[in-house]
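Undergrad: Sequence and predicted structure are below.
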Amino acid sequence: MSGGARETTGVSDRAGDRETAGAEGRETAGAEGREILVIGASGLVGQLMMERFGQRAAGTYATHDMPGLVQLDITDAEATRRVIDELAPRVIVHTAALTDVNMCERDPAASDRVNVAGTRNVAEAAAEVGARYIFFSTDYVFGDDGPHDVDRLRMPMNVYGAHKAEAEDVVAELDDHVILRACNVYGYQREGKNFAMGIFESLLQGRRVLVAVDQWGSPTLASDLVDVAALLVDSDVRGPVHVAGPDQVTRLEWARRVAEVNGLDVSLLEPVPYSALGASAPRPRRGGLFARRTEEMLDIRFKRLDEGLMAMRAALEEAGVLPRAAPRKSI
Ligand SMILES: NC(=O)c1ccc[n+]([C@@H]2O[C@H](COP(=O)([O-])OP(=O)(O)OC[C@H]3O[C@@H](n4cnc5c(N)ncnc54)[C@H](OP(=O)(O)O)[C@@H]3O)[C@@H](O)[C@H]2O)c1
């Protein structure tokens, strides 16, 4: 998980588009007529969804106000119903969640309010307007024997995973729903702190980083996740869908490859057991998702870690964070 990290790119083309309740007396003014509603559009994944959908989508934020987005706290059932009724989207893409896994462990009531009750509020409002519902979930609904295929028994090991599993059950009661499970999402972010960007920034600044040697997962390039969500918006696929890169690696291996691809100092990575990181929440040692069925169903291929890291490097170069690699000389 990104641990609450978020990026701030992606909605600048909508700047100036924002009107508030003060302008026209309605909290959704300026966002009507869009067929897609992204709930959680100020988050890491939500911003990428907004970038991809452009003028097709309206989006909401809870606390991080961004141009063009409508304010919505999904724990407020009445406000959730009102916003969804007013916008009457054909599809709701629900990325909103309390994603700080350690915080959810320390404050299960807060996690329950957003991740379970909030999802129920959105699901009920979606049912009222007959919207297709794409709900983002996580590999943390499963136990310690990953990578997990869609039909695996769910056995969450922490509060966040348990609440996401409860939310999945709420969503599964709707006729037209997708439960889109993701894991270990990474890619270039201007300000975000997904794992790969966090490692990149630390090593670039010459800081040592403790990295777990015993925590396995399936790093997933953010653009692959967005591609799948975009395909699902216009499909009639229903039920659980997994998105994950094909490589199963430890955090240490993942970090090492980030260093190598970007020419950074691998020796700054300090291998430790997960237990030495002082996290509040237990996590699967063997996490991650198995996503071959999704590749076959949608006729796509998820990027291997090396390909994804090269794409991230290209984006870092494009953004001027890294100097462009010199073109290879022919021999
Ligand atoms: N990133 C990953 O590696 C990963 C892996 C597996 C699954 N997922 C799933 O993918 C989804 C998106 O994750 P993310 O990394 O993009 O999360 P994120 O960056 O933490 O963003 C969370 C979003 O939820 C919104 N939100 C929080 N509380 C809310 C509330 N009470 N009402 C309405 N909105 C609220 C936030 O709004 P404000 O910021 O405006 O407060 C923000 O837009 C989540 O469902 C997560 O479980 C992500």
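TA: Good, I have the coordinates. Numbering: from 1, shown residues only.

Undergrad: Val101 is in contact with Tyr140, correct?
TA: Yes. Using C-beta atoms under 8 Å, Tyr140 makes contact with Val101 at a distance of 7.0 Å. For the C-beta atoms, the positions are set from N, CA and C on the backbone; glycine is no exception.

Undergrad: who's more crowded, these two?
TA: Tyr140 (26 against 23; other C-beta atoms under 10 Å).

Undergrad: Can you tell me the closest non-neighbouring residue to the more buried one?
TA: The shortest distance from Tyr140 to any non-neighbouring residue, by C-beta to C-beta, 6 or more residues apart in numbering, is to Gly161 (3.5 Å).

Undergrad: Distance check, that neighbour against the ligand.
TA: Counting by C-beta to the nearest ligand atom, to the nearest Å, the gap from Gly161 to the ligand is 10 Å.

Undergrad: Okay, and that residue sits in which element?
TA: helix 159-172 (DSSP states H and E).

Undergrad: buried ones in that helix?
TA: Buried residues in helix 159-172, counted by 16 or more other C-beta atoms under 10 Å: 159-168, 170-171.

Undergrad: Check which helices and strands the helix or strand just after that helix sits against.
TA: Downstream of helix 159-172, the next assigned helix or strand under DSSP H and E is strand 177-182. Strand 177-182 sits against strand 132-138, helix 159-172, helix 222-233, strand 239-242, with contacts defined as 3 or more C-beta pairs under 8 Å, 6 or more residues apart in numbering; DSSP states H and E.

Undergrad: JSON lines for those, including mean pLDDT and distance to Arg324?
TA: Listed next are these as JSON lines, based on pLDDT from 0 to 100; distance: least, C-beta to C-beta, whole Å:
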{"stretch": "strand 132-138", "mean pLDDT": "98", "distance to Arg324": "34"}
{"stretch": "helix 159-172", "mean pLDDT": "98", "distance to Arg324": "39"}
{"stretch": "helix 222-233", "mean pLDDT": "97", "distance to Arg324": "20"}
{"stretch": "strand 239-242", "mean pLDDT": "98", "distance to Arg324": "35"}
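
Undergrad: right, and the helix or strand after the helix or strand of the chain with the lowest mean pLDDT?
TA: Here the helix or strand of the chain ranked lowest by mean pLDDT, DSSP states H and E is helix 21-24, holding a mean of 42. Downstream of helix 21-24, the next assigned helix or strand under DSSP H and E is strand 36-39.

Undergrad: I'd like to know the average pLDDT value across that following strand.
TA: Averaging pLDDT along strand 36-39 yields 98.

Undergrad: Which positions in it come out as buried?
TA: Residues of strand 36-39 classed as buried: 36-39 (neighbour count, 16+ other C-beta under 10 Å).

Undergrad: can you list contacts of that strand?
TA: The contact list for strand 36-39 (C-beta atoms under 8 Å, 6 or more residues apart in numbering) reads 46, 49-50, 53, 56-60, 72, 74, 84, 87, 89-96, 122, 131, 233.

Undergrad: List buried residues within those.
TA: Buried members of the contacts of strand 36-39, counted by 16+ other C-beta under 10 Å: 46, 49-50, 53, 57-60, 72, 74, 84, 87, 89, 91-96, 122, 131, 233.

Undergrad: Sounds good, over and out.
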